[in-house]
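Asks: Below are the sequence and a predicted model for it; my questions follow.
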Amino acid sequence: MYRAPVTKRTTGGNGDRVATAAPPTTEALTIKPPRLPYVPEVKDRYGVDEEAWRALVEAIFPTAQSVGSLVLVLAYCKSRNLDVFKKCVHIVPIWDKDKRCLVDTIWPGIGELRTTAFRTRQYAGRDATVFGEDITSNWGSGREALSVMHPEWAQVTVYRMIDGQRVAFAGPPVFWLETFAATKDGFPNSMWIKRPRGQLDKCAEAAALRAAFPEELGDMPTSDEGPMIYQNGGEPMGAEPTKEVSGSLGIAGCKDRMRKAVQSAPVEVIPPEPAAEPPEVSGEEVPDLLSDLAKVEPDQMVLWQCERSHTFAAPAPQDGTALGICPTCRSARIRRLS
């Protein structure tokens with residue numbers, strides 16, 4: 001990098017202080033490349049040069065996962081005539097259950113809805129947000145228990161000029177428990193814990209703006225409205241590639257997850273084997289095991305099992321070999337159990 005001249009003060013032979021400047025030095029200026037590589041085509045299509053690209057990657061959208069995500073934002077802002085550097089749009093990573101990975105998605109923020117409403121030249125202000133009673137909601141148990149005090153609902157009224165008249169549009173009540181963005185465990189995320197009123201306020205304003213300007217905004221949800229992300233097939237920010245877990249935590253949650261895993265485990269169905277053909281022996285060669293049992297003392301009896309799991313008691317031969325055939329299925333494959 002360039003270094004400015006350094007002024008040194010020395011004392012001359014007569015005692016006077018003399019200022020001299022050291023010659024400037026130059027070193028190679030090294031700039032670390034942006035986190036995501038610059039694509040020259042974006043300058044022609046969207047007017048973004050390398051310096052602007054670096055600002056987008058490092059400052060405006062520091063969590064963007066790919067060049068394609070930023071290009072999608074640029075295309076969106078161009079079609080909506082928005083300044084991408086004002087961050088009216090957000091990149092929200094959601095967990096795609098089909099792809100088994102986090103996928104960047106584009107969501108408008110409350111800033112885009114406000115901008116679109118102002119551009120109609122009919123937006124005439126809004127009233128202060130009306131909040132419902134504060135309630136406390138609980139999640140989990142034990143050390144992982146979480147309690148959040150939040151308004152039960154919020155409602156905003158916005159105004160629009162229609163034929164010279166200032167007309168009020170009261171948005172629908174927006175309930176906190178129906179709107180908060182959740183983590184993969186069903187808990188409110190950090191933003192909704194820190195700002196329970198502020199987040200609900202933005203969602204209530206967005207609902208009112210959609211009611212007052214349906215032709216401009218349609219049914220466009222914002223990035224603050226958490227359940228809408230679930231409805232679009234994913235999980236909100238902070239989701240990880242994990243299996244579905246129950247809402248309860250601790251030992252109870254662990255048991256619940258184990259129970260669900262057992263219930264959902266695939267059951268291997270083993271088709272029954274065809275009945276074994278009886279051995280081709282003459283009637284004289286087939287031992288009459290039932291009649292022989294009456295002649296054997298109880299302490300001489302042992303347990304046997306055939307290949308088809310039929311268990312029976314029979315005397316043990318002196319040489320320890322298998323005893324004849326099974327009296328039930330006439331299988332000759334018998335093993336000793338005791």
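Replies: Sure, I can see it.
Asks: wait, residue 67 sits on residue 40?
Replies: No: under the contact definition of CB atoms under 8 Å, residue 67 does not touch residue 40, with a separation of 11.7 Å. From N, CA and C alone the C-beta is placed, and that goes for glycine too.
Asks: Pick out whichever of these two has more residues nearby.
Replies: Ranked by neighbour count (other CB atoms under 10 Å), residue 67 and residue 40 place residue 67 first, with 15 against 9.
Asks: I'd like the distance between that one and residue 35.
Replies: Counting by CB to CB, to the nearest Å, the gap between residue 67 and residue 35 amounts to 10 Å.
Asks: What of residue 336?
Replies: In terms of CB to CB, residue 336 sits 71 Å off from residue 35.
Asks: Tell me which of the two has more neighbours.
Replies: Neighbour count, other CB under 10 Å: between residue 336 and residue 35, residue 336 has more, with 15 against 10.
Asks: Report the beta-bridge partners for the more buried one.
Replies: According to DSSP bridges, the residues that bridge with residue 336 are residue 304.
Asks: Test my guess that residue 218 contacts residue 210.
Replies: Yes: using CB under 8 Å, residue 218 is in contact with residue 210, at 7.4 Å.
Asks: Which segments of this structure make up each domain?
Replies: 88-250, 289-336 (automatic domain parsing).
Asks: Make CSV out of those and add mean pLDDT and distance to residue 61.
Replies: Shown next, in CSV, are those (pLDDT from 0 to 100; distance: least, CB to CB, whole Å):
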stretch, mean pLDDT, distance to residue 61
domain 88-250, 83, 5
domain 289-336, 63, 65
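Asks: can you tell which of those domains is closest to residue 59?
Replies: For those, proximity to residue 59 was assessed by CB to CB; domain 88-250 is nearest, at 13.2 Å.
Asks: All the helices of the stretch 51-200 of the chain, residue numbers only.
Replies: Assigned by DSSP state H, counting those that start in this stretch, the helices in the stretch 51-200 of the chain fall at 67-80, 110-119, 176-179, 190-194, 196-212.
Asks: of all the ones you listed, which lies closest to residue 98?
Replies: Closest to residue 98 of the helices of the stretch 51-200 of the chain is helix 67-80 (CB to CB; 18.0 Å).
Asks: tell me what that closest one is packed against?
Replies: Counting contacts by 3 or more CB pairs under 8 Å, 6 or more residues apart in numbering; DSSP states H and E, helix 67-80 packs against helix 41-46, strand 89-96, strand 101-108.
Asks: List the buried residues in the shortest one.
Replies: When you say that, I think you mean helix 41-46. 42, 46 (16 or more other CB atoms under 10 Å).
Asks: Quick check: mean pLDDT of it?
Replies: Computed over helix 41-46, the mean pLDDT rounds to 91.
Asks: In contact with the residue lying closest to residue 335 once chain neighbours are set aside, which residues?
Replies: Nearest residue to residue 335 in three dimensions, chain neighbours excluded: residue 305, at 5.9 Å (CB to CB, 6 or more residues apart in numbering). Residue 305 makes contacts with 311-312, 334-335, 337, as judged by CB atoms under 8 Å, 6 or more residues apart in numbering.
Asks: same deal with residue 177?
Replies: With CB under 8 Å, 6+ apart, residue 177 has these contacts: 137, 152.
Asks: Many thanks, I have nothing further to ask.
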